[in-house]
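Colleague: structure for the following, please:
(chains A and B)
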Amino acid sequence: MFKCKTSPEVGGMGHSVKRKEDARFLHGKGNYVDDVKLPGMLSMVMVRSPYAYAKIKNINKEKALKIDGVLAVITGNDLAQYNLHWMPTLLSDTQMVLPTDTVMHQSQEVCAVIATDRYTAVDGAEAVEIDYEPMQAVVDPFKALDEDAPLLRPDKEGQKDNQIYHWEQGDRDKTDQVISNADIVVKERIYLPRIHVASIETCGCVASYDKDTKKLTVYLTTQAPHAIRTVLALVAGHVGLSEEKIRVIAPDIGGGFGGKVPVHPSYVVAIAASFLIGKPVKWIEDRSENLVNGFARDYHMDCELAANKDGKIQAFKVKTLADHGYTDASANPSKYPTGMFSICTGSYDYEHAFAELDAVYTNKVPGGVAYRCSFRVTEAAHAIERMVDKLALKIGKDPAQLRMENFIKKDQFPYSSPLGWNYDSGDYHATLKKAMEMVGYDDYKLEQAKKRKEGKLMGIGICTFTEVVGAGPSKDFDILGIAMFDSADITVHPTGKAMARFGTKSQGQGHETTYAQILAEELGISYNDIEIEEGDTDTAPYGLGTYASRSTPTAGAAAAIAARKLRDKGKKIAAHLLEVSEEDIEWEVGKYFVKGAPEKSKTIQDVAFAAYTNIPPGMEPGFEATHYYDPPNLTFPNGAYICVVEVEEATGAIDVKRFVAIDDCGNIINPMIVEGQVHGGLTQGIAPAMYEGIEYDDEGNVLNGTLMDYLVPTSVESPHWETGHTITPSPHHPLGAKGVAESPTVGAPPAIANAIIDALSPLGIEHLDIPITPAKVWDAIQAHK
Amino acid sequence: MKHEITLKINGESITKEVDSRLLLVHFIRENLSLTGTHIGCDTSNCGACTILLDGKSIKACTYLAVRADGSEITTIEGIAEDGTNHPIQKAFHDQHALHCGFCTPGIIMRSIDFLEHNPNPTEEEIRWGISGNLCRCTGYNNIVKAIKQAANEMKNETV
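Modeller: Sure, this is the predicted structure:
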């Protein structure tokens, strides 16, 4: 286990210190985008399409412009004058800012109304008259590839059908051969439906262009302020908005989970409006706009898992159809259009795998961002973890036993996976063993056998996932060409207190506390004496932002290394102060001392003071360090989750009795915060497993676009979570940490699905797609009677 | 149409002219600049806008400002006394019951009302008691623990 090196007062790694950021939130003093109020600020409201696919015949602004207080109605044709009506997506596709002739999905932004306040803007939006000519929408992604399907993107040169791309990884022939010769092959089509992150704060911005300084300041709900600044400069550079004239400020963010990574068209319209009118313009998404725009998942996966008769896994194959909506706006590294989906071989040791994916256009909203998970890892984990359970059912082996027999062993790390990842570390047997002990696995198996005899439906579900996070090494990982490093910039002031700035952006993860703890660990300055700042591109070092559990693996590492640079400088200063040579100086947390004479010492505070007041000859004054960290590898957290459920046969009601989550995220910075992250991720795991899923009708209308019918779990639906850890440090991360916030969202859905399906298995039910609702269970029970 | 309304907010009496259609949540946030009350939906589902009106927790996103004429309102800004946290604020900090902080004011205001009516709740009762407030970050475990802690501390205070 991890042993703390610092005192609780210093509060380095391993201490559950209380969060530094809490006070302002507890007192109602958080500063979120909608709290920003600037003099003369205008309000923008979007007019959105009621149709999924339609020609725009005419937009009549007249009645809207007559309303007192309505200043402008901005259309695609208005933006086209400046060539601002299209923008690139993060995966180099193109997305409309505002349409000039065709709408491609329901709720697409058609035009914007700018008014003196939000009520008047809404009046204006209702007064805009738009003539549409509806067309037959392509809703089913399988039909999108039919020969007679309408070509949805004729604007794209060379686009002959609705396929966006084909991707594949692994050895198809060898995998097919192993599968065709295997004793046992289990197959399933698994669908992970569209879901939405639904952070409680929706998206929004305040764009403020100053005509005198020619500077644009944008307060933005963004997880990646610098990347957004660069994208804005690329989109609007030709009208004079160059990067040094753009300041993106991400103030407090009310939850992100991936939904605040993309550049939403409305941001660009608000910026254009401020640019044209010369006044600040605020746009805040309402809840339905939020739920209906953007999505995660939507993968249809045809899986095959092959094994010998004893259940030794031999090969895995998966063919996926991905519905991306009308443009590929997925937020993935550019060389990884399917994200890290090839982690789908899971935690098991076998040689052969093949994964392929076809992405298609449909008349649905684009998005394809994560939902609190690293790029497409949830889809991957769901596929393999469902299939392993199906294999266990097929050969009649205990799913825990089957996993234990197939796990990659502790001494096989670093492990090269069949689809090319280099897993850094793990002890999968220990993690699962701990989960089984904590839940009381053997007792539940006995109870289940007894209940089954009584005709009762009880299920035990396991998921033993491997995550891949911390993107990433610059040789492989970039967003629009920008390498996915991250940064830390530390200044220790003359009085020994410090300030550090980062290229990431917390959305609730607690960076102001955990980064201070990393610096406390490395420098011995109390975490209470260290201020952390993020989110302002005018002051923070360039970084790629916070998503995909990358902050600790990248910026956390940058903090450690920048602090070590400072320690090296401090050593020279200490030698100068103690009048010995540098080689004679040793470090222990918080102070330098003379080798063999520990009474001769200088604290880090003494050294910082000297860096400004008593500088060694020839040394650069000051006590500052910056580091841009380019990780050598990704990190591979893992976990073993066990869920126990009871299902009522008469109604299909599902009762989650227990849920135990053992995570291994390497060394832990703040156990309290890690546990909190796991709790939150688990609730966002049960959400898609049992409640959430965006539904469309045949015409492309969203059927559940409000919180009244898109069921975000409340405290009642969310079980009491039980958590624990094994610790296998990452061998390549400077702190041995791996990242954790998304593991539970990856691991919980298959554990819950496996538990419910296990409960129903005596009836002959072998698979159900999530969300597994009581209605779905009831239907399945009736069909198997 | 404009109306003059007079009410007490966090102990202070105010009189303002408001539009008939102005929602109470916008009145609080925009006219009074008390931005600790948040908006997460406009359908009374998320509870981020929860305040106390005459001691009862209500969702200010579906309540007209004119209807609040003559009432006494407490928002998150008004519950700490002389710089000392309300026991629920303290418990939320102690138990790590907030992450992004966006839902926090609403849940705290709801909890004040809830504990007023049920000073000694079970875990189950707490979960039902705050089921009108959504939190997307914490998974609720620690919110439940915090409310339990606050209940204990408030009980001890009154003994």
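
Colleague: ramachandran coordinates for the most centrally placed residue in chain B?
Modeller: Within chain B, one residue has its C-alpha closest to the average C-alpha position: by C-alpha atoms, centre = their mean, that is B:M109, at 2.5 Å. For B:M109, the backbone dihedrals are phi -60, psi -40 (criterion: degrees, to the nearest 10).

Colleague: what's the answer for the one 4 residues further on, then?
Modeller: Backbone dihedrals for B:D113, given as degrees, to the nearest 10, come out at phi -60, psi -40.

Colleague: do you know the pLDDT at it?
Modeller: B:D113 carries a pLDDT value of 98.

Colleague: residues in contact with it?
Modeller: B:52, B:55-57 (C-beta atoms under 8 Å, 6 or more residues apart in numbering or on different chains). C-beta coordinates here come from the backbone N, C-alpha and C atoms, glycine included.

Colleague: does A:L241 lie in a helix or a strand, and which?
Modeller: When secondary structure is defined by DSSP states H and E, A:L241 falls outside every helix and strand.

Colleague: so where's the chain shaky on pLDDT?
Modeller: Because you didn't say which chain, this covers chain A. Low-confidence segments of chain A, defined by pLDDT under 70: A:1.

Colleague: not quite, go with chain B.
Modeller: B:158-159.

Colleague: which residue does it bring closest to chain A?
Modeller: Relative to chain A, the nearest point of chain B is B:G36 (1.8 Å; C-beta to the nearest C-beta).

Colleague: what about A:V110, which SS state?
Modeller: Of the three states, A:V110 takes strand according to DSSP: H, G, I helix; E, B strand; the rest coil.

Colleague: from what I can see it touches A:A54, true?
Modeller: No: with contacts defined as C-beta atoms under 8 Å, A:V110 does not count as touching A:A54, sitting 9.7 Å away.

Colleague: rewinding a little: of the contacts of B:D113, select the buried ones using a PyMOL command.
Modeller: This is the PyMOL syntax for the buried subset of the contacts of B:D113, where burial follows 16 or more other C-beta atoms under 10 Å in any protein chain shown:
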select buried, chain B and resi 52+57
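
Colleague: do you have the helices of the stretch 401-550 of chain A handy? List them.
Modeller: Using DSSP state H, counting those that start in this stretch, the helices found in the stretch 401-550 of chain A span residues A:428-439, A:441-453, A:511-523.

Colleague: tilt between the shortest one and helix A:441-453?
Modeller: This points to helix A:428-439. Taking axes from the mean of the first three to the mean of the last three C-alpha atoms, to 10 degrees, one finds that helix A:428-439 is oriented at 60 degrees with respect to helix A:441-453.

Colleague: and the last one, by the same measure?
Modeller: Angle between the axes of helix A:511-523 and helix A:441-453 is 150 degrees (criterion: the same axes, to 10 degrees).

Colleague: near chain B at all, helix A:511-523?
Modeller: No: for a cut-off given as C-beta under 8 Å from any C-beta of the partner chain, helix A:511-523 has no contacts with chain B; the smallest distance is 10.0 Å.

Colleague: just to revisit the earlier point, overlap in contacts of A:V110 and A:A54?
Modeller: Applying C-beta under 8 Å, 6+ apart, one finds that A:V110 and A:A54 are jointly contacted by A:V103.

Colleague: coming back round to it: can I get the helices of the stretch 401-550 of chain A in CSV including mean neighbour count and distance to B:A146?
Modeller: Rendered in CSV, the data for these read as follows (neighbours: other C-beta atoms under 10 Å in any protein chain shown; distance: least, C-beta to C-beta, whole Å):
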stretch, mean neighbour count, distance to B:A146
helix A:428-439, 21, 24
helix A:441-453, 14, 30
helix A:511-523, 27, 17
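
Colleague: make JSON lines from those helices and add distance to A:A359 to it.
Modeller: Supplementary listing: the helices of the stretch 401-550 of chain A in JSON lines, determined by distance: least, C-beta to C-beta, whole Å:
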{"stretch": "helix A:428-439", "distance to A:A359": "32"}
{"stretch": "helix A:441-453", "distance to A:A359": "40"}
{"stretch": "helix A:511-523", "distance to A:A359": "33"}
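
Colleague: longest helix of chain B?
Modeller: The helix that spans the most residues within chain B, counting by DSSP state H, is helix B:141-158.

Colleague: buried residues in it, which are they?
Modeller: Using 16+ other C-beta under 10 Å as the burial criterion, the residues of helix B:141-158 that qualify are B:141-151, B:154.

Colleague: contacts (any at all) between chain A and that helix?
Modeller: Yes: with C-beta under 8 Å from any C-beta as the threshold, helix B:141-158 lies in contact with chain A, specifically through B:141-144.

Colleague: B:A80: which of these is nearest?
Modeller: Here the nearest of the residues of helix B:141-158 next to chain A to B:A80, counting by C-beta to C-beta, is B:I143; it sits at 18.8 Å.

Colleague: what about that closest one, distance to B:H96?
Modeller: Here the distance between B:I143 and B:H96 works out to 10 Å (C-beta to C-beta, to the nearest Å).

Colleague: okay, and the residue of chain A found nearest chain B sits in which element?
Modeller: Of all residues in chain A, the one sitting closest to chain B is A:G28 (1.8 Å; C-beta to the nearest C-beta). Secondary-structure element containing A:G28, defined by DSSP H and E: none, the residue being outside all helices and strands.

Colleague: excluding chain neighbours, what is closest to it?
Modeller: In space, and not counting its chain neighbours, A:G28 is closest to B:G36: 1.8 Å by C-beta to C-beta, 6 or more residues apart in numbering or on different chains.

Colleague: so the one you found: helix, strand or coil?
Modeller: State at B:G36, reduced to three classes by three-state DSSP: coil.

Colleague: what's the nearest residue to residue 86 if we skip its chain neighbours?
Modeller: In the absence of a named chain, chain A is used. In this structure, A:W86 finds its nearest non-sequential neighbour in A:T94, 5.2 Å apart by C-beta to C-beta, 6+ apart.

Colleague: the chain in question should be chain B.
Modeller: Leaving out its chain neighbours, the residue that sits closest to B:H86 by C-beta to C-beta, 6+ apart is B:I79, at 4.3 Å.

Colleague: how about the contacts made by that neighbour?
Modeller: Applying C-beta under 8 Å, 6+ apart, one finds that B:I79 lies in contact with B:86, B:88-89, B:108-109, B:112.

Colleague: which SS class is the nearest residue to A:P494 once chain neighbours are set aside?
Modeller: The spatial neighbour of A:P494 that comes closest, neighbours along the chain excluded (C-beta to C-beta, 6+ apart), is A:Y612 at 4.2 Å. State at A:Y612, reduced to three classes by three-state DSSP: helix.

Colleague: could you do the one 4 residues further on as well?
Modeller: Following three-state DSSP, A:P616 is assigned to coil.

Colleague: number of residues surrounding it?
Modeller: Applying other C-beta atoms under 10 Å in any protein chain shown, we find 15 residues neighbouring A:P616.

Colleague: do the same with B:H117
Modeller: For B:H117, the number of neighbouring residues by other C-beta under 10 Å comes to 9.
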